[in-house]
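Visitor: Give me the fold of what follows.
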Amino acid sequence: MTDPRLKLAIFDCDGTLVDSQHSIIASMNAAFDVFEVPRVSRDAIRRVVGLPLLDAVAYLIPNASQDLVEGVREEYGRAWHHIRETEGLDEPLFPGLIETLDSLESDGWLLGVATGKSRRGLDGTLEKHNILNRFVTLQTADRARGKPHPEMVHLAMRETGVAPEKTVMIGDTTFDIEMAVQAGVMAIGVSWGYHDVEELKVTGAAEVIDTFEDLPRVLTQI
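Guide: Purely as a prediction, here's the structure:
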């Protein structure tokens with residue numbers, strides 16, 4: 001059952017809430033080095049941010065064996081945790097996020113996250129910035145089919161009792177936009193992330209915002 005009074009804003013994490021590209025690139029490079037796989041460009045790694053990690057590795061190493069892909073994934077995880085426990089992860093919030101969350105909540109929006117991260121990784125990121133409790137539904141690629149499959153959006157709506165026409169997905173990649181389109185919800189792109197604005201529009205974004213401060217206004221207009 002859905003409640004027509006409720007409305008839900010689901011956010012991607014990497015590239016939308018936080019700028020995590022530096023730690024992601026460092027971890028991927030470290031994993032490639034373990035297996036003596038030639039490194040790829042930073043842009044190539046940025047392109048796969050948001051996909052489930054296994055899919056991202058397979059995309060970056062075409063025609064690799066399943067054993068190699070799984071090995072790189074495991075080494076990526078080790079590198080990520082090493083960075084977190086030593087120098088600390090470089091994943092600052094994008095400007096204006098906290099104020100925007102405040103504004104949306106005051107306007108009655110429920111907040112959620114749908115991400116290619118694991119639940120452990122997502123919790124760590126949100127706790128670091130003291131915003132974990134702002135989100136009432138958290139969907140991760142280790143508990144549902146990853147982007148661009150719509151399952152995470154479907155689960156978020158089911159958990160919150162919000163109808164598709166009252167749900168919005170906000171993200172920086174075509175994977176986010178395609179997931180929203182397949183789930184039958186409105187997609188809003190952000191221009192500060194890892195995919196180009198025109199790609200987001202072509203994939204189906206109703207709007208692309210340039211700052212978080214634009215989001216409450218866009219949602220009100222829509």
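
Visitor: now Ala64: how far from Phe32?
Guide: Using Cβ to Cβ, to the nearest Å, one obtains 11 Å as the distance from Ala64 to Phe32. Every residue, glycine included, has its C-beta placed from N, CA and C.

Visitor: Which neighbours do these two have in common?
Guide: Val72 (Cβ atoms under 8 Å, 6 or more residues apart in numbering).

Visitor: who has more neighbours, the two?
Guide: Counted by other Cβ atoms under 10 Å, Ala64 and Phe32 do not tie: Phe32 has more neighbours, with 21 against 16.

Visitor: State whether that one is indeed within a helix.
Guide: Yes: assessed by DSSP: H, G, I helix; E, B strand; the rest coil, Phe32 belongs to a helix.

Visitor: Phi, psi for the nearest residue to it once chain neighbours are set aside please.
Guide: Nearest non-adjacent residue to Phe32, counting by Cβ to Cβ, 6 or more residues apart in numbering: Arg39, 5.3 Å away. Main-chain dihedrals, Arg39, degrees, to the nearest 10: phi -70, psi 150.

Visitor: What of Val190?
Guide: The phi/psi pair for Val190 (degrees, to the nearest 10) reads phi -120, psi 140.

Visitor: State the distance from it to Ala141.
Guide: According to Cβ to Cβ, Val190 stands 20 Å off from Ala141.

Visitor: of those two, who's got more company?
Guide: Neighbour count, other Cβ under 10 Å: between Val190 and Ala141, Val190 has more, with 29 against 26.

Visitor: Surely the more buried one touches Thr16?
Guide: Yes: shown here, Val190 and Thr16 form a contact pair, counting by Cβ atoms under 8 Å, at 5.6 Å.

Visitor: what do the two both touch?
Guide: Residues touching both Val190 and Thr16 comprise 170-172, with contact defined as Cβ under 8 Å, 6+ apart.

Visitor: Could you identify which of those has the most neighbours?
Guide: Most crowded among the shared contacts of Val190 and Thr16, counting by other Cβ under 10 Å, is Gly171 at 32 neighbours.

Visitor: which non-adjacent residue is nearest Lys13?
Guide: No, residue 13 isn't Lys; it's Cys. Nearest to Cys13 is Thr115, by Cβ to Cβ, 6+ apart, at 4.0 Å.

Visitor: Show the contacting residues for the one you found.
Guide: Contact analysis of Thr115 by Cβ under 8 Å, 6+ apart lists 12-14, 50, 122, 139-141.

Visitor: So Gly71, which state does it fall into?
Guide: helix.

Visitor: wait, isn't it in contact with Val37?
Guide: No: taking contacts as Cβ under 8 Å, Gly71 lies outside contact range of Val37: 9.7 Å.
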